[in-house]
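Peer 1: got a predicted structure plus its sequence, pasted below:
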2 protein chains.
Amino acid sequence: MRVTINEVAQKADVSTSTVSRVIHDNPRISDETKSRVRAAMKELGYYPNALARGLANSTTRNLGLILPNSSEDLFLNPFFIEAIRGIGVESQGRGYNIMFSFSNNEEEEVGFIRNYIKSRWVDGIILLTIRENDRCVAYLQEKNFPFVVIGRPDKADDALWVNNDNFHAVYEVVNLLADRGYRSMAFIGGPESFSVTRDRLDGFKKALSVRGIPVNQNLIGLGSNFSEEEGRRNMKAILSSGSRPDAVVTTDDHIAFGVLAALADEGIQDVAVTGFNNTMRGRYQSPTLTSVDVNPAELGRNAASLLIEAVTGTIGAGSRHRIVETKLIERESTECRS
Amino acid sequence: MRVTINEVAQKADVSTSTVSRVIHDNPRISDETKSRVRAAMKELGYYPNALARGLANSTTRNLGLILPNSSEDLFLNPFFIEAIRGIGVESQGRGYNIMFSFSNNEEEEVGFIRNYIKSRWVDGIILLTIRENDRCVAYLQEKNFPFVVIGRPDKADDALWVNNDNFHAVYEVVNLLADRGYRSMAFIGGPESFSVTRDRLDGFKKALSVRGIPVNQNLIGLGSNFSEEEGRRNMKAILSSGSRPDAVVTTDDHIAFGVLAALADEGIQDVAVTGFNNTMRGRYQSPTLTSVDVNPAELGRNAASLLIEAVTGTIGAGSRHRIVETKLIERESTECRS
DNA sequence: ACATTACGTGCAAGCCCTTGCACAAACATT
DNA sequence: AATGTTTGTGCAAGGGCTTGCACGTAATGT
């Protein structure tokens, strides 16, 4: 039998309510009693039972994390593990635990969310990815359950989210390329159904137009996913349409690898390429790849702290979103136009 | 107010005990009653409260996962995320949840373990790394709390663990090199305090001696960690001692990268190098790196299932350990000796 | 000196589910 | 017909903690 609040109460010669109040440092308890109770707790090695506590005040200090169990391209870059780490470190620093589950599709995700909510395991939920018309978001909103998403939800802008400034990130990429002497830029991204894609494309267009460079629709290609294969396919399509950009902005390192492969296939050398997410491979590819570091750990930290503020009711009005700075990492793939 | 077992009982016109028994599919309840109760549950949308259940029978169906929050080199390869995924998928498939925490050092690890145990959040604990004389292992054994470790504990061989056959893996690496015509092989590994290092070194020595190749102590270097830097240092040390192996077996891709860097510094070309863990970078380095895939997802799955068997008391006698096969991935760095 | 206001603590109900034991009814056994 | 077995349910006592309310005592005010 483990030591409970009762033995402590007995030992300190007070009631269990008093012990409970001491645990929560209730100001109505006199200092003298507090220290007596604390001594008893220490002596007995008392440790509160989280389950009982949770049951009594229906709050668990657990957060649920919904992870995609997806194809390679999501796990081959450090984004996820770093984001998870950020979430974990921030949460545990604030006394929260994280439970996670891997889902193969939207339906499974909703299932896990349902389970977390209904079985009352968690106080809030973190969504690590987001789609257009995300059913998880819809479900969570319907249940009115606290959640935060990494990435910007297309509708439901009133939800909590943390995101990069994708618009600005690409804007800067274009500026870099322009500074390096590139003029005819292509854009190759993932599915338009992801708001990241749209935001980045907007940044691309805006940066061009600010510089007075006309946007050429033939130089814009959106793939059905973020894979190398799609990047390659889109690049080939652009080339075979007869266009010949001198730089290619992509929304993911893997897409960029595909682009580089397509260029290599054609024996084209002097086209600049940029990626996103600053993957390992980009650092060792040849040429090393200029990429945007999205700071996943910081995204994770912010997601966790935002959610915790929400579930504890300490969220500041008007601070339901957080923007995390990206960092442009310049490497060989965008060296000055020769 | 959420729907509880009481409303269900009322609706189905039985006692709460009966409902509880229906939930657990107790055979003492008649089929007729069962279906009546189930109908009531469905109609009311009943979902058991995990906390209350846990409190009542002191079991949570949660597992705790202790993760290192360590320097880059541990996160730069997919080992962790893959292992976590394996653990997660296996656990959730069996109806278990995972809680994790990142620790910066052994002391923090013990702290998290203590918290998990004392606050009764979890039924068992998974250790993803292991040191010599691991205090976590000691603590868990002292508390007699169910746990499993990935990697072989040096003492405490009676603990549950899952591991690769590291001896055999390196044995095969040596065989490959020998088949490719290499004769003078060096070994560069991490700290000897890790059993992986020792097991791999044993495999190395054994394979050589089976082939009748003498083991040269000057060609063995053990670093203080698994980093590129240490790999480079050790390789330089070997070279500057005047030795000139024609192949280098390492215990980690990062070490191998360091070795390759050291060789490149000296302008040496024709030395074969092998790594471990099959990292991303190894696939894109030049030369691409021959490496041993340790199958982290499978290690994770097995760890989870072994632990679950242990906590449910369904563990088979004599099956307290599991060995996961490695897979040798041959690439350019071990091409035939020219 | 009496009424009022803190102050510190205890009572007991509640959170929701599990389970050993008891028990009534139905059936089988002599 | 009397006794013994099953079979299916219910009772009630937990599991460990929280918290609204009540209450006695001491301090304050007039």
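Peer 2: Alright, I've got the coordinates.
Peer 1: when you work out contacts or count neighbours from here on, use the C-alpha atoms and nothing else.
Peer 2: Will do.
Peer 1: look at the nearest residue to residue A:58 once chain neighbours are set aside and give its secondary structure.
Peer 2: Nearest residue to residue A:58, sequence neighbours excluded (CA to CA, 6 or more residues apart in numbering or on different chains): residue A:120, at 8.0 Å. With DSSP: H, G, I helix; E, B strand; the rest coil as the basis, residue A:120 sits in coil.
Peer 1: angles on the backbone of residue A:120, please.
Peer 2: Taking degrees, to the nearest 10, you get phi 60, psi 40 for the backbone angles of residue A:120.
Peer 1: got any ranges where the stretch 101-250 of chain A has weak pLDDT?
Peer 2: A:156 (pLDDT under 70).
Peer 1: now do the helices in it.
Peer 2: A:106-118, A:135-143, A:166-179, A:195-210, A:228-240 (DSSP state H, counting those that start in this stretch).
Peer 1: output the last one as CSV, nothing but the C-alphas.
Peer 2: Spelled out, it's helix A:228-240. In CSV, the C-alpha atoms belonging to helix A:228-240 read as follows (Å, rounded to 0.1, in the frame of the first residue of the first chain):
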residue,chain,number,x,y,z
GLU,A,228,11.6,14.6,-54.4
GLU,A,229,9.7,12.8,-57.2
GLU,A,230,7.1,15.6,-57.5
GLY,A,231,9.8,18.2,-57.5
ARG,A,232,11.6,16.4,-60.3
ARG,A,233,8.4,16.0,-62.3
ASN,A,234,7.5,19.6,-62.0
MET,A,235,11.0,20.8,-63.0
LYS,A,236,11.0,18.6,-66.0
ALA,A,237,7.6,19.9,-67.0
ILE,A,238,8.8,23.5,-66.8
LEU,A,239,11.9,22.7,-68.8
SER,A,240,10.1,20.7,-71.4
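Peer 1: can it be said to contact chain B?
Peer 2: No: Helix A:228-240 stays clear of chain B (CA under 8 Å from any CA of the partner chain), getting no nearer than 13.7 Å.
Peer 1: tell me the buried residues in that helix?
Peer 2: A:228, A:229, A:230, A:231, A:232, A:233, A:234, A:235, A:236, A:237, A:238, A:239 (16 or more other CA atoms under 10 Å in any protein chain shown).
Peer 1: over to the second one?
Peer 2: Of the residues in helix A:135-143, those buried under the neighbour-count criterion (16+ other CA under 10 Å) are A:136, A:137, A:140.
Peer 1: let me have the buried residues of helix A:228-240 in JSON lines, extended by distance to DNA strand D.
Peer 2: Shown next, in JSON lines, are the buried residues of helix A:228-240 (distance: CA to the nearest atom of the strand, whole Å):
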{"residue": "A:228", "distance to DNA strand D": "52"}
{"residue": "A:229", "distance to DNA strand D": "54"}
{"residue": "A:230", "distance to DNA strand D": "53"}
{"residue": "A:231", "distance to DNA strand D": "54"}
{"residue": "A:232", "distance to DNA strand D": "57"}
{"residue": "A:233", "distance to DNA strand D": "58"}
{"residue": "A:234", "distance to DNA strand D": "57"}
{"residue": "A:235", "distance to DNA strand D": "59"}
{"residue": "A:236", "distance to DNA strand D": "62"}
{"residue": "A:237", "distance to DNA strand D": "62"}
{"residue": "A:238", "distance to DNA strand D": "62"}
{"residue": "A:239", "distance to DNA strand D": "65"}
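Peer 1: can you give me the strands in the stretch 201-338 of chain A?
Peer 2: A:220-222, A:247-250, A:272-276, A:290-293, A:321-324, A:327-329 (DSSP state E, counting those that start in this stretch).
Peer 1: I'd like to know which of these is closest to residue A:64.
Peer 2: strand A:321-324 (19.1 Å; CA to CA).
Peer 1: gap between that closest one and the chain center?
Peer 2: 11 Å (CA atoms, centre = their mean, to the nearest Å).
Peer 1: which residue does the stretch 151-300 of chain A bring closest to DNA strand D?
Peer 2: As assessed by CA to the nearest atom of the strand, DNA strand D sits closest to residue A:160 within the stretch 151-300 of chain A, at 25.5 Å.
Peer 1: what sits against that residue?
Peer 2: The neighbourhood of residue A:160, defined by CA atoms under 8 Å, 6 or more residues apart in numbering or on different chains, consists of A:147, A:148, A:149, A:306, A:307, A:320, A:321.
Peer 1: surely the third one and residue A:164 touch.
Peer 2: No: with the criterion set as CA atoms under 8 Å, residue A:149 and residue A:164 do not qualify as a contacting pair; they are 12.0 Å apart.
Peer 1: who has more neighbours, those two?
Peer 2: Counted by other CA atoms under 10 Å in any protein chain shown, residue A:149 and residue A:164 do not tie: residue A:149 has more neighbours, with 26 against 21.
Peer 1: so what's the more buried one up against?
Peer 2: A:126, A:127, A:128, A:129, A:130, A:159, A:160, A:161, A:162, A:303.
Peer 1: ok, residue A:53 next?
Peer 2: Counting by CA under 8 Å, 6+ apart, residue A:53 has contacts A:59, A:60.
Peer 1: how is it assigned, secondary-structure-wise?
Peer 2: Going by three-state DSSP: residue A:53 is helix.
Peer 1: farthest-separated two in the contacts of residue A:160?
Peer 2: Across these (CA to CA), the longest gap, 12.0 Å, separates A:147 and A:321.
Peer 1: what about those two, which has more around it?
Peer 2: Per other CA under 10 Å, whichever of residue A:147 and residue A:321 has more neighbours is residue A:147, with 27 against 20.
Peer 1: touching, the more buried one and residue A:140? I think so.
Peer 2: Yes: under the criterion of CA under 8 Å, residue A:147 makes contact with residue A:140 at 7.2 Å.
Peer 1: spatially central residue for chain A, please.
Peer 2: What sits nearest the mean C-alpha location of chain A, by CA atoms, centre = their mean, is residue A:150, with 3.8 Å.
Peer 1: who are the contact partners of it?
Peer 2: Counted by CA under 8 Å, 6+ apart, residue A:150 has contacts A:126, A:127, A:128, A:129, A:130, A:161, A:162, A:163, A:299, A:300, A:303.
Peer 1: now those residues in CSV, with neighbour count?
Peer 2: CSV is the format used below for those (neighbours: other CA atoms under 10 Å in any protein chain shown):
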residue, neighbour count
A:126, 25
A:127, 21
A:128, 19
A:129, 16
A:130, 21
A:161, 25
A:162, 25
A:163, 24
A:299, 28
A:300, 31
A:303, 32
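Peer 1: just put the residues you listed in a markdown table and tack on distance to residue B:42.
Peer 2: Formatted as a markdown table, these follow (distance: CA to CA, whole Å):
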| residue | distance to residue B:42 |
| --- | --- |
| A:126 | 28 |
| A:127 | 28 |
| A:128 | 31 |
| A:129 | 31 |
| A:130 | 31 |
| A:161 | 34 |
| A:162 | 37 |
| A:163 | 39 |
| A:299 | 39 |
| A:300 | 37 |
| A:303 | 35 |
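Peer 1: hang on, residue A:263 packs against residue A:269?
Peer 2: Yes: here residue A:263 reaches residue A:269: they are 7.0 Å apart, a contact under CA under 8 Å.
Peer 1: for these two, indicate the residue with more neighbours.
Peer 2: When residue A:263 and residue A:269 are compared for neighbours, residue A:263 comes out ahead with 18 against 10, by other CA under 10 Å.
Peer 1: so for that one, what's the pLDDT?
Peer 2: As predicted, residue A:263 sits at a pLDDT of 96.
Peer 1: again, but for residue A:76
Peer 2: 65.
Peer 1: any idea how far the residue in the stretch 101-250 of chain A positioned nearest to DNA strand C lies from residue B:205?
Peer 2: Using CA to the nearest atom of the strand, the closest approach of the stretch 101-250 of chain A to DNA strand C is made by residue A:119 at 8.1 Å. Residue A:119 sits 54 Å away from residue B:205, going by CA to CA, to the nearest Å.
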